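*Asks:* Predicted model follows, preceded by the sequence.
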Amino acid sequence: MPRRHILTERQRKALFDLPTDEGALLRHYILDDDDIEHIRTRRHAHNKLGFALQLCAFRYPGRLLTAGEVIPLPVTEFIAAQIGVKPHELAGYAETDVTRRRHLIDLRSIYGYKMFSGRGARDLKAWLECEAETAHSNEGLVKRFIGECRRTHTILPGVSIIERLCADALVAAERRIETRIVDRLNDALKDQLDALLTEHVDGRISRFIWLRQFEVGKNTADINRLLDRLEFLQSFEFPVDVLDGIPPHRVTRLRRQGERYFTDGLRDISSDRRLAILAVCAVEWRATIADAVVETHDRIVGKIWRDAKKICDTQINDAKASLQDTLRSFKNLGAALLEAKGDDAPLDPAVATTCGWSDLETLVATAAHLGDTMSAEPLVHVVQGYHRFRRYAPRMLCALDIKAAAVVEPLMAAATIIRENKDAVERPITFLRRNSKWLHHLKAQEADGHRLWEVAVMSHLRDAFRSGDIWLAHSRRYGDLKQALVPIEAAKATPRLTVPFDPEVWLNERKARMTDGLKRLAIAAKAGAIPGGSIENGTLKLDRLTADVPVEADELVLDLYRRLPDVRITDMLLDVENATGFIDAFTHLRTGAPCKDKIGLLNVLLAEGLNLGLSKMAEATNTHDYFQLSRLSRWHIESDAINRALAMVIKAQSALPMARFWGAGTTASSDGQFFPAARQGEAMNLINAKYGTEPGLKAYTHVSDQFAPFATQNIPATVSEAPYILDGLLMNETGKNIREQYADTGGFTDHVFAVTSLLNYRFIPRIRDLPSKRLYVFDPGSIPKELKGLIGGKVREGTIVANWPDILRSAATMVAGIMPPSQLLKKFASHPRQHDLAIALREIGRVERTLFIIDWLLDADMQRRAQIGLNKGESHHALKNALRIGRQGEIRDRTAEGQHYRMAGLNLLAAVIIYWNTAQLGKAVAKRKRAGLDCSPSLLAHISPLGWAHILITGEYRWSK
């Protein structure tokens, strides 16, 4: 039987080789008194050392020493020193095999080790089959097996045996899961699923391919296409428990396989596996398409409001000339009247000679019309969206399985009228708030009030979905918020949640801190001792922070980069891959096996990172054609794999000596970078006035103090960056090690202040308009007079106490990863009625923001740390702008997945360059030291590994043979 390879050579060495670094030797190979006593019973020095080595190998990595195996010198020296013999004595131990076999018997007798055979082996195989269902990767299952062998004192079998056992267990687990899913389907459902591969839509593509070709849309045609697919999938009557008990990562893997297979490929695989993939895809796509329908409706509502605002702006611009003429006429009339009054002359001749009474009536009417035009709101014109809603609204409301909280029952009653698509005698408006502007306009438009009413209902449905007042029964993005929150018991068991469970304890501690901070700030204000600022007559004034970079640092940067070798980007990728092994992260989506075509995968990653695309890369490389690259991309490139590869590169970079001069990896900054998109982005709500009229999207990236870009995600250019700060911190291991997080003004809200504090992050935003921000205190009456002008209000303690359990549950839910923190924060921020939990979080945020502002004003070092951290993030933007050379720097991918791969590939490529530069800068520093030049840590802290002038990025991408 051929050998089953499920591990790379690098992974095998990491799992089965004897450790050589000091930390691992101390952890695994320290001998206790009993061990040394057993060792000393051996007669000769070489036998003592050989016996000790065998014992240590049994303990870690848990295997036998093979005949002729070369023992690493650090291991021999470490063990020999403990038993008082010389390392070279080991040479005599290799002379006879009998002694080694006798030692093996003695070790098994003394320490209870057993071979992998008999009943013990059968039990381990049975255990392995159960574990295979929950294993996320081949390497993970092998690690579990090795750990279980160590726990049961079972000596590991050969590497090939372990790989074969794990591979068989994984295949068996996959087949059991597929059979489990298929057994829950009746014959009619099976026939329906198989028909997806034989039916064709418009005679062009199979029904299966048609179903998976969906994206969030931008207009009524798009939403109706989504509803076509959703209604078709709803015709499948799947059992409620069709995916019950199936591990989520197995469901995800089956879905991703379905998204990558072509129709012919699915027809050729076994029936159980084919039906399982089709069933999972149908169930998963049904939920995803429903989410896409809601998101598309959100975009349509947004476009209607933008169009209404454009109409207002156009009317105002058109009225400017008439407004000037009208004002000029009134000016002339007023001047004539004043002149007549001053001369005690009659006013009628003044009016007659200026404009005449008839023209005055016209002038007054024109002025009234202009006044209405200038004061008009977009709400006046949103009724033009009625016809858009009529094209899909009843159908959407019928297709979506909408659930609602009691607070929006009036809104759902109104939506029912639209869904039933019947003329209603009475259209309720109780879903509108009393001070709503909609009420005034509804009363003013009695003629076609039903149209404006329907627009109001559909707009409020958008807001209710955003806030979580209404939700979909089976949804990831628009699910029930209450069901998503973890129980309070789970919140109390969350290690990351370090706040007290009694709100009074938290409040008392914050009151003490605030009292002390306000007292210190008042003293500094009175003495004029606020660093770089002052408080005068209740007004805060701040000076711009000055740079603090030594002149010598610039010379050092130039000298170090002159010492770096010029390198082709292909050679650099190979060097970094050999050093870190990040390609091992890209396993086959179907089998989990490592990719054998390393150069091909590097070509694909380079195509993504440089924004070239696979077809252009195929023309520029000397190794692969388009179809080879496309196959590798389809079966090996996915979000989780890119994240794993990024984590490997970042971990390796942080271990380089040079990285320690820049920080300890405990602080980070985050910022969004705008990328222009193709012109269809204008219709997809991708325009932000901050970046002009050019459509695009943003990559929101977290950068550690060691310059490592450890997290990135695509966000629309039109949304606030603040909710995404916690995504990068909580959804990867590097982010969880961060203690201090910096952000710019766009990343600051009271909710972010609240949650970062609850989760033990110190949040330090650089607030552009800080002097305009108010302080919120517990007792405004006790505030020193110097600070009275800075106080904005009183903290609502009762709201915090009443909602404390739900506050803890919300924070713990973010830590658990059940719902991305950004989704939860956006629901809190968009709630139209601001429920108590959102208000309580806002009050906590106000407390934390007040404490932060006090610390910021009194601590110049904090200001400088934030400036340095944010500068590192902004320097990343320059590197990425230099890398995205293809397609004129535009992101032209139409799908969200394609856009994400483009951004993630760019981030990974930037991380590879940072690793290579860090390693080479370390060598350059060593050369400077040997030359006797200044390399003090205070200067090296100002060096950056973000240079790219020495890297050949453009041209043909040729790889070493």
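*Replies:* Structure's in. What do you need?

*Asks:* can you pull the buried residues of the helix or strand encompassing residue 847?
*Replies:* Assigning secondary structure by DSSP states H and E places residue 847 in helix 836-858. Of all the residues in helix 836-858, those buried under the rule 16 or more other CB atoms under 10 Å are 837-858. Heads up, the C-betas are built off the backbone N, CA and C, glycines and all.

*Asks:* C-terminal to it, what's the next element?
*Replies:* helix 860-883.

*Asks:* by how many degrees do that next one and helix 836-858 diverge?
*Replies:* 110 degrees (axes from the mean of the first three to the mean of the last three CA atoms, to 10 degrees).

*Asks:* May I have helix 860-883 exported as CSV, CA atoms only?
*Replies:* Output for helix 860-883, consisting of C-alpha atoms alone and laid out as CSV, is shown next (Å, rounded to 0.1, in the frame of the first residue of the first chain):
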residue,chain,number,x,y,z
ALA,A,860,2.3,63.5,27.3
ASP,A,861,3.9,60.1,27.0
MET,A,862,0.5,58.5,26.3
GLN,A,863,-0.1,61.0,23.5
ARG,A,864,3.3,60.2,22.0
ARG,A,865,2.7,56.4,22.2
ALA,A,866,-0.5,56.8,20.4
GLN,A,867,1.1,59.0,17.7
ILE,A,868,3.9,56.4,17.2
GLY,A,869,1.4,53.6,17.0
LEU,A,870,-0.8,55.3,14.4
ASN,A,871,2.2,56.3,12.4
LYS,A,872,3.1,52.7,12.0
GLY,A,873,-0.3,51.9,10.7
GLU,A,874,-0.2,54.8,8.2
SER,A,875,3.2,53.6,7.0
HIS,A,876,1.6,50.3,6.1
HIS,A,877,-0.7,52.2,3.7
ALA,A,878,2.3,53.4,1.7
LEU,A,879,3.7,49.9,1.4
LYS,A,880,0.4,48.5,0.2
ASN,A,881,-0.1,51.3,-2.2
ALA,A,882,3.2,50.4,-3.8
LEU,A,883,2.3,46.7,-4.0
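
*Asks:* and it, how far from the chain's centre?
*Replies:* 20 Å (CA atoms, centre = their mean, to the nearest Å).

*Asks:* ok so, going back, pLDDT on the helix holding residue 847, on average?
*Replies:* For helix 836-858, mean pLDDT is 93.

*Asks:* what do you get for stretch 161-170?
*Replies:* 94.

*Asks:* Going by neighbour count, list what's buried in that stretch.
*Replies:* 162-167, 169-170.

*Asks:* Of these, which pair is most distant in space?
*Replies:* 162 and 170 (12.4 Å; CB to CB).

*Asks:* Could you list which residues are in contact with residue 116?
*Replies:* Contact analysis of residue 116 by CB atoms under 8 Å, 6 or more residues apart in numbering lists 124, 149, 154-157, 161.

*Asks:* What subset of those is buried?
*Replies:* 124, 149, 154-157.

*Asks:* Can you flag which of those residues belong to helices?
*Replies:* Secondary structure from DSSP state H places 124, 149 of the buried ones among the contacts of residue 116 in helices.

*Asks:* Return the closest of the buried ones among the contacts of residue 116 with respect to residue 220.
*Replies:* The closest of the buried ones among the contacts of residue 116, once distances to residue 220 are taken by CB to CB, is residue 124, at 59.7 Å.

*Asks:* my guess is the closest one contacts residue 148, does it?
*Replies:* Yes: Residue 124 is in contact with residue 148 according to CB atoms under 8 Å; the separation is 6.5 Å.

*Asks:* Can you work out which residues contact both of the two?
*Replies:* With CB under 8 Å, 6+ apart as the test, residue 124 and residue 148 both reach residue 154.

*Asks:* Enumerate every residue touching the closest residue to residue 538 other than its chain neighbours.
*Replies:* Spatially, and ignoring its direct neighbours in sequence, residue 538 is nearest to residue 789 (1.8 Å; CB to CB, 6 or more residues apart in numbering). With contacts defined as CB under 8 Å, 6+ apart, the neighbours of residue 789 are 535, 537-539.

*Asks:* For residue 789, give its distance to residue 851.
*Replies:* Note on residue 789: its distance to residue 851, by CB to CB, to the nearest Å, is 19 Å.
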